[in-house]
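Visitor: Following is a predicted model, sequence given first.
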Amino acid sequence: MGRTREWATLQDSLWNPQRYHQPGDEYARDFDYAGMVQEVRVAVRMALEVANAAALPQWKPTSEFQRPGR
């Protein structure tokens, strides 16, 4: 949050080769969790919408996840 798209793209390109499962991949006390909080809010809102809907969600007939015979 509050960063440019270019900054995010750069961070994404550096994450796996330089941080993920590397010695520098450690807990940082100054980590900003604002983005994670936003993601959780979206997930909770979506889960509530699905849970409170009159009908269960359905796969599209052409979905690769559709079970045969349904």
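Guide: Yep, it's here.
Visitor: Following element in sequence after the helix or strand harbouring Trp7, please.
Guide: Assigned by DSSP states H and E, Trp7 belongs to helix 5-14. Following helix 5-14 in sequence order, the next helix or strand is helix 34-52 (DSSP H and E).
Visitor: could you give the angle of that next one to helix 5-14?
Guide: Computed with axes from the mean of the first three to the mean of the last three C-alpha atoms, to 10 degrees, the direction of helix 34-52 lies at 90 degrees from that of helix 5-14.
Visitor: Show the average pLDDT along the helix holding Trp7.
Guide: Rounded to a whole number, the mean pLDDT of helix 5-14 is 92.
Visitor: cool, stretch 45-52 as well?
Guide: 96.
Visitor: Show residues contacting that stretch.
Guide: Stretch 45-52 has contacts (C-beta atoms under 8 Å, 6 or more residues apart in numbering) with Pro57. To be clear about C-beta, it is placed using only N, CA and C from the backbone, and glycine gets the same treatment.
Visitor: Quick one: distance of that stretch to the chain centre.
Guide: Distance, stretch centre to chain centre, for stretch 45-52: 17 Å (C-alpha atoms, centre = their mean, to the nearest Å).
Visitor: Could you pull out the buried residues of that stretch?
Guide: Residues of stretch 45-52 classed as buried: none (neighbour count, 16 or more other C-beta atoms under 10 Å).
Visitor: from here on, count from 440
Guide: Right, with 440 as the first residue, what we last looked at is stretch 484-491.
Visitor: What would it look like as PDB? C-alpha coordinates only.
Guide: Output in PDB follows, covering the C-alpha atoms of stretch 484-491 (Å, rounded to 0.1, in the frame of the first residue of the first chain):
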ATOM      1  CA  ARG A 484     -16.300 -10.300   2.900                       C
ATOM      2  CA  MET A 485     -16.200 -12.800   0.100                       C
ATOM      3  CA  ALA A 486     -16.700 -15.700   2.500                       C
ATOM      4  CA  LEU A 487     -19.700 -13.900   4.100                       C
ATOM      5  CA  GLU A 488     -21.300 -13.300   0.700                       C
ATOM      6  CA  VAL A 489     -20.900 -16.900  -0.300                       C
ATOM      7  CA  ALA A 490     -22.100 -18.200   3.100                       C
ATOM      8  CA  ASN A 491     -25.200 -15.900   3.100                       C
END
